[in-house]
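> Sequence plus the predicted model coming up.
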Amino acid sequence: MQEILKFLKTDTYLIGLSIFVVFLFITFIILLVNNIKINKKYKKFIKKLGNGNNIEEDLENFMYKVENVEKQNVDISNICKNLKEDLSKCVQKIGVVRYSAFRDSGSDLSFAVALLDEKDNGVVFNGIYSREMSNIYAKPVEAGNSKYTLSEEEVEAIKKAKDSNKVCENKS
């Protein structure tokens, strides 16, 4: 161990260490110069590729816009999902039946109208016309049926409403 310490104190060691440090410094300078040259070539290449514009800036702007569009698409998808859920609760099926409630009333002035949503929930209206008076009745409809007794015309109006959606499904 003492021999190593003696060697470290000699001039030979210091000269060798100095030469090694100079070699590392020169290597560092050479690498720095090469890095600067490559960086200039890269910038020149990027400008040429971007038709005089800095393509790197253009790519950064493009990526920023793409990120914004992706965020907007997520928002739009959520809005569409909410609209679809709301739409299923809106009136989508309509059935109308006109009929003559009484023989003496003339033409078909009475009616039954069914207004149903996607799940066949809604209401059926029955308007009965006579020469002396007119009455309109409403009955709730759940899953295509009512807990109240339905007339033939009301049943037919509900059936027409259910079938009206099948026409739309065939078109899409």
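In hand now; what should we look at?
> Does residue 157 touch residue 112 like I think?
Yes: with contact defined as CB atoms under 8 Å, residue 157 reaches residue 112; the gap is 4.0 Å. C-beta coordinates here come from the backbone N, C-alpha and C atoms, glycine included.
> Look up the residues that both of those two are in contact with.
95, 96, 97, 124 (CB atoms under 8 Å, 6 or more residues apart in numbering).
> any weak-confidence spans in the protein?
Low-confidence segments of the chain (pLDDT under 70): 50-53, 104-106, 165-172.
> can you give me the helices for it?
Per DSSP state H, the chain carries helices over the ranges 2-8, 11-49, 55-87, 152-171.
> which one of those is the most hemmed in?
Mean neighbours per residue, mean count of other CB atoms under 10 Å, is largest over the helices of the chain for helix 152-171, with a mean of 15.
> sorry, back to before: of the shared contacts of residue 157 and residue 112 - the most surrounded one?
residue 124 (26 neighbours; other CB atoms under 10 Å).
> and it, what does it touch?
Residue 124 touches 112, 113, 114, 115, 138, 139, 141, 146, 150, 154, 157, 158, counting by CB under 8 Å, 6+ apart.
> how close does the third one get to residue 135?
Translated: residue 114. 18 Å (CB to CB, to the nearest Å).
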